[in-house]
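[1] Show me how the following folds:
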Amino acid sequence: MRLPSELDVLRLRDFRLVFGASVASLVGDGVVPVALAFAVLDLTGSATDLGIVLAARVVALVSSLLVGGVVGDRVGRRAVMVAADLVRLGAQAAIGVLLVSDDATIAEMFVSQALIGAASGFFNPAASGLIPMVAGDRLQQANTLKAMAMAAGNIVGPAISGALVVATGPGAALLIDAASYGISALLLARVHVTAPAPAPRQRFGVELREGFAEVRKRTWVWSIIACSAFWNMLAAFSVLGPVVAKDSLGGPAAWAAILAAEGIGWLAGGVALLRVTPRRPLVVASAASAVAVVPTVLLAVPAPLAVIVVAGLFAGVTSMLFNTLFETTLQRHIPRHALSRVSSYDWFGSLALQPIGLALMGPLASAVGVSAALYLCAGLKLLTLCSLLAVKDIRTLGPFPEGPAAAAASAELVNERAGA
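    This is a model prediction of the structure:
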């Protein structure tokens with residue numbers, strides 16, 4: 001059967017393997033928010049403990065990202081991703097078994113999520129660098145399909161997790177996530193890509209500074225990273241959402257429904273991006289993100305579950321637009337040899353403040369109330385978006401490089417194909 005033109009990238013064998021690995025691991029990851037949240041809440045009932053466990057994963061992720069970016073550009077990206085998947089498999093399987101046997105403690109959950117976060121710090125920059133190697137000039141298709149796989153995970157994962165948490169507890173759900181990392185590693189091990197001959201290896205600090213130079217000279221890159229850092233610090237939705245769901249909306253099934261609706265929205269946004277390439281991708285991405293604030297406001301009310309679910313669906317659409325358009329723009333405008341390092345700075349900067357927000361959101365809610373904390377975070381997020389749209393390069397950058405940058409990117413692609 002002939003694939004429609006919007007899915008031409010699936011004709012590429014290596015991309016199909018990478019995409020299959022993404023589907024497996026992202027469906028598994030979709031299980032985690034519900035399972036992990038209620039594992040902690042069942043153990044202690046504390047939003048502060050939940051924030052600390054979530055922060056452990058992010059702190060470890062942020063701490064390993066810059067190293068992971070250099071390793072991804074130095075070493076085979078596929079090999080880095082396989083190794084990271086195996087570490088995540090072991091860590092999630094261990095805590096899943098402990099939860100099933102009723103032997104888990106908060107300290108053990110903290111350690112397991114920290115290990116997963118550290119491994120992800122190597123995996124994520126390598127993955128960003130690998131996509132252009134297996135997708136060629138079909139980057140927006142590739143990133144959209146990858147994001148749609150995340151959407152599928154956010155639909156199927158919470159549904160599986162909600163059912164398992166109610167029926168058997170969160171441990172079984174986390175074991176499913178562990179298995180998904182194993183499937184991802186097996187598929188990635190079959191990918192065959194040959195990068196061009198690397199440049200002479202320099203000292204770690206020199207390579208790190210070269211990656212930072214690529215970020216610093218592009219206002220649109222560092223401004224988005226800075227705004228994302230502040231946005232992600234305002235983590236009221238992740239920490240306080242499960243609390244509102246448990247107290248006012250019906251418990252795990254309600255939180256699963258909200259997350260699943262976001263996943264459906266991601267799919268809807270993906271269908272649109274398979275067909276359309278915006279002339280000003282960063283304007284579209286930034287302006288649309290205002291919709292993502294609405295579910296946080298509705299949780300603060302709290303509105304009826306059905307209303308929050310609908311808002312979550314539209315928030316999912318805008319999240320798809322922002323993440324896919326920014327990642328695609330980054331991959332098109334950044335030199336391939338530095339892409340993993342630039343991606344690591346993106347991940348590092350975007351997530352650097354999130355652990356602070358995760359750890360402090362519980363105490364903030366205790367001090368001012370859950371609703372007030374949700375309203376405050378929603379308002380600050382809207383101000384962040386306004387500041388982003390004030391940046392000239394955000395408003396003017398097109399989807400493809402122009403002039404000398406376009407010629408350099410074309411030459412690098414030719415060399416990369418010759419190396420393969």
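
[2] Quick check: which ranges of the stretch 251-400 of the chain have low pLDDT?
    Applying pLDDT under 70 to the stretch 251-400 of the chain flags no residue at all.

[3] residue ranges of the helices in it, please?
    Remark: helices assigned in the stretch 251-400 of the chain by DSSP state H, counting those that start in this stretch are 252-273, 281-288, 294-300, 305-333, 339-351, 354-368, 370-389, 392-396.

[4] Out of the ones you listed, which one sits most buried?
    Across those, averaging neighbours per residue (mean count of other CB atoms under 10 Å) puts helix 339-351 on top, at a mean of 25. Bear in mind the C-beta positions are built from the backbone N, C-alpha and C, glycine included.

[5] Now tell me what touches that helix from outside.
    58, 61-62, 65-66, 68-70, 72-73, 77, 121, 124-126, 128-129, 132, 207-208, 210-212, 214-215, 221-222, 225-226, 228-229, 232, 330-331, 334 (CB atoms under 8 Å, 6 or more residues apart in numbering).

[6] Mind telling me what element residue 228 is part of?
    helix 219-233 (DSSP states H and E).

[7] now the following helix or strand past that helix: how far from the chain's centre is it?
    For helix 219-233, the succeeding helix or strand toward the C-terminus, using DSSP H and E, is helix 236-244. Offset of helix 236-244 from its chain centre (CA atoms, centre = their mean, to the nearest Å): 18 Å.

[8] From the contact counts, what lies against helix 236-244?
    Contacts defined by 3 or more CB pairs under 8 Å, 6 or more residues apart in numbering; DSSP states H and E place helix 236-244 against helix 13-43, helix 47-74, helix 252-273, helix 294-300, helix 354-368, helix 370-389.

[9] Tell me the helices and strands packed up against the fourth one.
    Spelled out, that is helix 294-300. Counting by 3+ CB pairs under 8 Å, 6+ apart, helix 294-300 packs on helix 236-244, helix 305-333, helix 370-389.

[10] Ok, the first one next?
    Counting contacts by 3+ CB pairs under 8 Å, 6+ apart, helix 13-43 packs against helix 47-74, helix 77-100, helix 106-135, helix 139-167, helix 170-188, helix 236-244, helix 252-273.

[11] Pull out the buried residues from the longest one.
    Of all the residues in helix 106-135, those buried under the rule 16 or more other CB atoms under 10 Å are 106, 109-135.

[12] to the chain's geometric centre, what's the distance from that helix?
    Centre to centre, stretch against its chain (CA atoms, centre = their mean), the figure for helix 106-135 is 10 Å.

[13] angle of that helix against helix 305-333?
    Helix 106-135 runs at 50 degrees relative to helix 305-333, counting by axes from the mean of the first three to the mean of the last three CA atoms, to 10 degrees.

[14] Could you measure from residue 255 over to residue 158?
    Residue 255 sits 8 Å away from residue 158, taking CB to CB, to the nearest Å as the criterion.

[15] any residues in contact with both of the two?
    Both residue 255 and residue 158 are contacted by 33, 34, under the criterion CB under 8 Å, 6+ apart.

[16] Which of the helices and strands packed on helix 236-244 sits closest to residue 189?
    Taking CB to CB, helix 13-43 is the member of the helices and strands packed on helix 236-244 nearest to residue 189, at 9.0 Å.

[17] And the contacts of stretch 27-37?
    Residues outside stretch 27-37 that contact it (CB under 8 Å, 6+ apart) are 50, 53-54, 109, 113, 149-150, 152-158, 160-162, 164-165, 170, 173-174, 176-181, 238, 242, 252, 255-256, 259, 263.

[18] again, but for stretch 237-253
    Contacts for stretch 237-253 (CB under 8 Å, 6+ apart): 33-34, 37-38, 41, 47, 50-51, 54, 161-162, 165-166, 254-255, 258, 295-296, 299, 302, 305, 308, 358, 361-362, 365, 370, 373-374, 377.

[19] can you pull the contacts of residue 309?
    The neighbours of residue 309, taking CB under 8 Å, 6+ apart as the test, are 257, 258, 261.

[20] isn't residue 24 right up against residue 176?
    No - under the criterion of CB atoms under 8 Å, residue 24 is not in contact with residue 176, lying 10.6 Å apart.

[21] what about these two, which has more around it?
    Counted by other CB atoms under 10 Å, residue 24 and residue 176 do not tie: residue 24 has more neighbours, with 23 against 20.

[22] Just give the nearest non-adjacent residue to the more buried one, would you?
    Sequence neighbours aside, residue 183 is the residue nearest to residue 24 in space, at 4.0 Å (criterion: CB to CB, 6 or more residues apart in numbering).

[23] ok, how many other residues are close to the one you found?
    Residue 183: 18 neighbours (other CB under 10 Å).

[24] Give the full set of residues in contact with the nearest residue to residue 172 once chain neighbours are set aside.
    Counting by CB to CB, 6+ apart, residue 172 lies nearest to residue 164, which is 4.9 Å off, once chain neighbours are set aside. With contact taken as CB under 8 Å, 6+ apart, residue 164 is in contact with 31, 35, 170, 172, 173, 176.
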